[in-house]
Every structure is written in C-alpha cells, then in structure tokens.
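Enquirer: Got a predicted structure here, sequence first:
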Amino acid sequence: MTLLRVIVLELIALFVDDGALALLILGLVALASLLALWGGVPAGLIAVLLIVGYGAVLAESTMRFARAKRAKRRAP
Amino acid sequence: MVEFSESTAALWSTLLASFLASLVELVEAFTIVLAVGITHTWRAAWIGTGLALVLLAAMVIVLGPLLAFVPLAAMQFVVGVLLGLFGMRWLRKAILRASGFIALHDEDALFREETELLKTRSGSARADTFAMLAAFKAVLLEGVEVVFIVIAMGSTTGLMIYASAGAVLAAVLVLCIGLLVHRPLSRVPENSLKFVVGLMLTSFSIFWLGESLGVVWPGADLFILALVALFAALSFGLILMLRHWQRALAEGAPS
C-alpha cells in the first residue's frame, strides 16, 4: 500500500512540482479555451495569449523561486 | 518543398524530443538498478526491472488502442495541457539549476545514497524484497515518464513509430554504455538535456493547444522551431538575470 501511495504521489509530481506554476498554466489554458469557445476572439489573439502567457508564467515562477531563496539567505 | 520541410521538422523534433527525454529518465533508472545490482544481487535488480517493464508494456498495450478512439482535437488539448505542465516544470528547474539557485543533479550522489540505503537494509530478512522493490520502483516511475512522452509525442503527430524509436534508441544507448562502464552515467549533461527537452515540450504544448483551439500557425509544423527559439531566448535571458542576482547575493550587494 505504501508503495502504491508512493507511486501515485510520484505520478502527480510528474506534472506538479511548484503548485503555483501548475495553477497558472491551467488558468492560462482555461482563459484561452473560454475565449476560443466564445468565438468573438480571433485565433491569432489566442495564439499570442498562449505564447506570451507561457513566457510570463515561466518568468514569474523562476523569479519567485529565486526571490524566496534570496530572502531566505538574507534572513539572519 | 514546404510540404517536405514541415513533415521533416515534425519527424525530427518528435524523434529528438522522445530520445532526449527518454535518455534523461533512463539514466536515472539505470543508476538505481546498478546500485541494487552491485550492493545486493543482480537477480533482485533484474526481477525488479523485469516486473516494471511487464507493467509498463501492459500500460502501453491497454492505453495504446484506446487512443485511436479519441478525436484529434481533444487529444491535442489534453496532451497540450499535460506537456505544458511537464515541460515547464523541467524548463523551470533547468533554468534555476543553470543559474545556481538549485544544485545540479548528481548521479554519483544518487548512486551513493541508494547504495547506502541498500547496505543498511542488507541484514534484514526482507533485504531481497527491498532491493527488488527499489529496482522495480525506479524503472516503473522513470518508465512511466518515458511512456507518457512517447504516447504524447506520437499520438498527436501520428508519428508513434518515430517517438517509440527515440525511446528505444535511448534505452539501447544507456544499456550499451552502462554495460561497458559499469558505473553511474554521471557524465551525461543531465541539466542541459532537461533544458532542451523542457524547451521542446513547452513549444509542442503551445503548438498543440493552439491547434486544438483553432489557431492556424504560420508555416504549420515549422512554427514549433520558432517557438523553441523564442523560449530558448527567454530562458537564456532569465538565466543571465538570475546569475546576476546570485552573484550580487554572494557579494552581499543589494540588487
């Protein structure tokens, strides 16, 4: 049972490491999907949203981690 | 000519992404199987590995045919989301490792940890089971990642044979080098490989998500290369900036 639990947890960890990163990606995909379903938005705009959104999410996640690490090291 | 270039780009990017991602995973699995074989018995290592491979094969046999019933757009969407989560996780970690905020992955350290753990349990009555389970778990978990990548890359592009070939090539390479050197493959540039794979999977994710949502990419499959170049530039920019932060922190200067 412990092995099964470990395997399930590891499988989840395949996709989710930083929870905020995963949530931001899912939020971005949900937003792009809603805009596509709505139909009033040109497909080109959805493409730009996906590219810029992924880039912004990546930058936010790495910088947030680095800032937290810096703050931790600076703390007395 | 354009037709040829598009299909060639899709073919090579599928083969390369599958090969590199599988290589990273298989090197990690190999390290633990090697630790089990050297510190305990090769019998336990082979049984654990064999059982995991049977389970992985069963997963492919069950899941493979089911995928044929899923509409392409739905498949592109689901795979796009999963590859996004998977690829961005690797890319983020590779950027943080390259900039010094996370320690580099060390196969030698992993090997030492695993052998120490196995040695502490070698006296127990269940040592055989424990060693076998260690090999089983390593091969199964790393293997699931390989299966996911092969299915994700192959099913959405219709290039399952090339995606599988990439994984098989990686397995043959790791086994051949492993049998020759008989020690952890610590000289494999794991972080660089993860960086490249992260870039490719992230680009595939955006491409397929876009296609499933009605986006027609300029240049069709060739646009994946543009996405890889774009995210490579962004990632290198982030690495440079974070290295600057790291240096400033080491020197104690505010930034």
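Expert: Ah, there it is.
Enquirer: looking just at contacts, which helices and strands does the longest helix seen in chain A meet?
Expert: In chain A, ranked by residue count with DSSP state H as the criterion, the top helix is helix A:43-74. Applying 3 or more C-beta pairs under 8 Å, 6 or more residues apart in numbering or on different chains; DSSP states H and E, one finds that helix A:43-74 makes contact with helix A:19-38, helix B:72-98, helix B:190-212, helix B:223-251. (Glycine included, C-beta is placed from N, CA and C.)
Enquirer: The ones you listed: which one's closest to residue B:112?
Expert: For the helices and strands packed on helix A:43-74, the distance to residue B:112 is smallest for helix B:190-212, at 16.2 Å, taking C-beta to C-beta.
Enquirer: Packing partners of the closest one?
Expert: Judged by 3+ C-beta pairs under 8 Å, 6+ apart, helix B:190-212 is in contact with helix A:43-74, helix B:2-39, helix B:72-98, helix B:127-157, helix B:223-251.
Enquirer: Need the winner for burial among the helices and strands packed on helix A:43-74.
Expert: For those, the largest average neighbour count (mean count of other C-beta atoms under 10 Å in any protein chain shown) is found in helix B:190-212, namely a mean of 24.
Enquirer: how far is it from where the chain is centred?
Expert: Here helix B:190-212 is found 11 Å from its chain centre; the criterion is C-alpha atoms, centre = their mean, to the nearest Å.
Enquirer: Let's see the pLDDT reported for residue B:96.
Expert: Residue B:96 is assigned a predicted lDDT (pLDDT) of 93.
Enquirer: next one: residue B:106
Expert: The model reports residue B:106 with a pLDDT of 66.
Enquirer: now swap in the one 10 residues further on and tell me
Expert: pLDDT, the model's per-residue confidence, is 78 for residue B:116.
Enquirer: what about it, distance to residue B:35?
Expert: Computed as C-beta to C-beta, to the nearest Å, the residue B:116 to residue B:35 distance reads 9 Å.
Enquirer: Between the helices and strands packed on helix B:190-212, which one is closest to residue A:29.
Expert: Of all the helices and strands packed on helix B:190-212, it is helix B:72-98 that lies closest to residue A:29, at 5.5 Å by C-beta to C-beta.
Enquirer: low-confidence ranges in chain A?
Expert: Residue ranges of chain A with pLDDT under 70: A:1, A:3, A:76.
Enquirer: cool, chain B as well?
Expert: For chain B, the stretches flagged by pLDDT under 70 are B:1-6, B:105-107, B:122-125, B:184-188, B:252-255.
Enquirer: change it to 50
Expert: Scanning chain B for pLDDT under 50 picks out the ranges B:1-4, B:255.
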